[in-house]
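**Student:** For reference, the sequence and a predicted model appear below.
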Amino acid sequence: MGARVTSLRQAALEPALQIDLTAVADNTRRFVACARGAVMAVVKADGFGHGLGDVARTAVAAGATWIGVTSLAEAVQVRESGVDVPVLSWLNPVDVDVRTAVRYGIDLSVPGLDHLAALEGGVRVHLQLDTGMARDGAAPESWLSLMSAARRAERAGRVSVVGVMGHLPCADIPGVSEPGKRAFTSGVEMARQAGLRPSVRHLAATSAALTDPGTHLDVVRIGAGLVGIDPSGTTRLRSALRFTAPVVQVRRVAAGTGVGYGHAHVTDRATTLALLPVGYADGLPRTASARAEVWLAGRRRPVAGVISMDQVVVDVGDDAVLPGDEAVVFGPGDDGEPTVEDWARWAGTIPHEIVTGIGARVRRNVR
C-alpha cells in the first residue's frame, strides 16, 4: 500500500525553547528562604542552558547575593550583563588573566600551589579543598603547605584570602558526606591556624542545601536548583523550560512499515506518523530513542525509530494531526507533557545534561 503524505510547504513555526524566568525567581527565593547563610547563584554553562545573564540578573533580583561560574570569561560576561554582587570563578588555568580578574572585581579559586604562585595584584581568592571528589581542589596532603603559602602571599599583598570552598561527591545520599564534612572543617581550622581569616566558607550545592542544613555554613551554591532540577529527589522545584517543535509532515503507513535508520522500529498496524524537525543535533539524546515520548494532540506519543540528527518521527495512531501542529518535547509536566527528568531517565543520564545540551539552532524565547 502506498503511503499518503501531507507536507507543510513552509512551516510557520520552528523548534523553540521557552525560558521562564519567573520559575528561576521562584526557585531562587525558595533557596534564599531555606538557606542558613547567603545564596550563590551558579550560572555556569550559560546558566545551565537558560541564558547566563538572564539567570544571573533574575537570581540576584530574587535574593541571591553571590554569583558563581567556572571560567573567568563567564565571570566577565556576568559583570558585563550588569550584575554587581561578588562573583567567583573556580576553574581556571594556572596562567589565568589576573589583571582582568582584578579589574572586574572577580574572585578566583586557588586549587593548588602552582595557581597561588601565579597570582598577584591583591586579587581576592578562595582556597579550594578537595573534600572527596579527587577532582578540582587541593589534595588533603597539600593543605598545610597551601595555607602557609597563602598566608605569605597575603602578607606580601599578592592575594586576599576571603574564602575556603569544597564540594561533596555524594550529597544526595544521606550519611555518605560525613567524611567530606569533617575534612572541610579540618581544612578551615588549618587555614585559621596558618593566620588566615576567611570570612566565606562554602561547601553545599543544591542537594546538600535541600537535605543537610549542617552544610550551609556561610554560603550555599545553587546551580541546577535555580532552573528546577533537584538532584536529591526530595523537593519539587519549578522547571524553567518548555521545548516545542512543529509537525512538518504527516503520513499514513501500513502495518509492517520500517521507520528510520536501520528500521529499528516497524509498525505493527496501520498508523499515522508525524515528523518533527528536531534531533540529536538539537539536544535530544539518541540513546532515548526506544523509550522517548512527546506531547502532541492532547496525548503522549511514542518516538518511532531512532532519533536522527535533525528529525524525530512519532506515532500518533489514528488521531488527526496536521502539519503546523505543535508538539511539546518537554515542559514542566503540568499538562501531562514529558519533562526534562523523563528525557534524562529515557537516555540513562541526568537532567543537567539535557538542559545544557539544547543546540544553538533552537530559537530561544525568554519571558
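**Tutor:** Yep, it's here.
**Student:** burial count for Asp268?
**Tutor:** Asp268 is flanked by 10 other residues according to other C-beta atoms under 10 Å. (Each C-beta comes from the backbone N, C-alpha and C, glycine too.)
**Student:** quick one: what helix or strand has the nearest residue to it once chain neighbours are set aside in it?
**Tutor:** Leaving out its chain neighbours, the residue that sits closest to Asp268 by C-beta to C-beta, 6 or more residues apart in numbering is Ala255, at 6.2 Å. Per DSSP states H and E: Ala255 is located in neither a helix nor a strand.
**Student:** Any figure for the gap between Ala255 and His263?
**Tutor:** Distance from Ala255 to His263, counting by C-beta to C-beta, to the nearest Å: 14 Å.
**Student:** show me what contacts the residue nearest to Asp268?
**Tutor:** Ala255 is in contact with Thr267, Asp268, Arg269, Ala270, Thr271, counting by C-beta atoms under 8 Å, 6 or more residues apart in numbering.
**Student:** tell me the centre residue of the protein?
**Tutor:** Phe48 (3.3 Å; C-alpha atoms, centre = their mean).
**Student:** For that residue, give its distance to Ala320.
**Tutor:** Note on Phe48: its distance to Ala320, by C-beta to C-beta, is 37 Å.
**Student:** One more: Thr339?
**Tutor:** As judged by C-beta to C-beta, Thr339 and Ala320 stand 26 Å apart.
**Student:** Which of the two has more residues huddled nearby?
**Tutor:** Thr339 (18 against 9).
**Student:** Okay, now the unreliable bits of this structure?
**Tutor:** 1-12 (pLDDT under 70).
**Student:** which residue ranges form the helices in it?
**Tutor:** With helices called from DSSP state H, the chain shows them at 21-34, 44-49, 52-61, 72-80, 98-104, 113-117, 143-155, 178-193, 206-211, 340-347, 351-356.
**Student:** With distance to Pro285 added, can I get these in TSV?
**Tutor:** Below are those laid out as TSV (distance: least, C-beta to C-beta, whole Å):
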stretch	distance to Pro285
helix 21-34	23
helix 44-49	14
helix 52-61	23
helix 72-80	25
helix 98-104	36
helix 113-117	35
helix 143-155	40
helix 178-193	31
helix 206-211	22
helix 340-347	4
helix 351-356	7
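**Student:** of the ones you listed, which approaches Gly283 most closely?
**Tutor:** Proximity to Gly283 (C-beta to C-beta) singles out helix 351-356 among those, at 6.9 Å.
**Student:** ok, Arg269 - how many residues close by?
**Tutor:** Using other C-beta under 10 Å as the criterion, the residues surrounding Arg269 number 12.
**Student:** and if you look at Asp114?
**Tutor:** Residues contacting Asp114 under the criterion other C-beta under 10 Å number 11.
**Student:** With Trp90 instead?
**Tutor:** Residues lying near Trp90 (other C-beta under 10 Å) number 23.
**Student:** how near is the residue lying closest to Ala139 once chain neighbours are set aside to Arg251?
**Tutor:** Distances taken as C-beta to C-beta, 6+ apart put Asp130 closest to Ala139, at 5.5 Å, once the chain neighbours are dropped. Distance, Asp130 to Arg251, by C-beta to C-beta: 56 Å.
**Student:** ok, so what distance separates the closest residue to His352 other than its chain neighbours from Arg236?
**Tutor:** Among residues not flanking His352 along the chain, Ala224 sits closest, at 5.6 Å (C-beta to C-beta, 6+ apart). Here Ala224 is placed at a distance of 14 Å from Arg236 (C-beta to C-beta).
**Student:** more neighbours, the two?
**Tutor:** Higher neighbour count among Ala224 and Arg236: Ala224, with 21 against 9, using other C-beta under 10 Å.
**Student:** contacting residues around the residue nearest to His352?
**Tutor:** Phe48, Thr206, Asp230, Pro231, Pro351, His352.
**Student:** at 7 Å what do you get?
**Tutor:** By C-beta atoms under 7 Å, 6 or more residues apart in numbering, the residues touching Ala224 are Phe48, Thr206, Pro231, His352.
**Student:** Could you report the neighbour count for the nearest residue to the first one once chain neighbours are set aside?
**Tutor:** By that I understand Phe48. Nearest residue to Phe48, sequence neighbours excluded (C-beta to C-beta, 6+ apart): Val227, at 4.8 Å. Per other C-beta under 10 Å, the neighbour tally for Val227 reads 28.
**Student:** Can you verify my assumption that Val227 contacts Val24?
**Tutor:** Yes - look at Val227 against Val24 with C-beta atoms under 7 Å: they come within range, at 6.3 Å.
**Student:** Quick check: neighbours shared by the two?
**Tutor:** In contact with both Val227 and Val24: His50, Ala240, using C-beta under 7 Å, 6+ apart.
**Student:** Would you state the strands of the stretch 251-367 of the chain in chain order?
**Tutor:** Ranges of strands in the stretch 251-367 of the chain, per DSSP state E, counting those that start in this stretch, are 258-259, 265-266, 271-276, 293-296, 299-302, 312-317, 326-330, 363-366.
**Student:** Determine which of the ones you listed approaches Arg124 most closely.
**Tutor:** That would be strand 363-366 among the strands of the stretch 251-367 of the chain, by C-beta to C-beta, at 31.5 Å.
**Student:** Parallel or antiparallel, list what pairs with the closest one.
**Tutor:** According to DSSP bridges, strand 363-366 has the following sheet partners: strand 16-19 (parallel).
**Student:** which residues touch the partner strand?
**Tutor:** Applying C-beta under 7 Å, 6+ apart, the contact partners of strand 16-19 are 50-51, 240-244, 358, 362-367.
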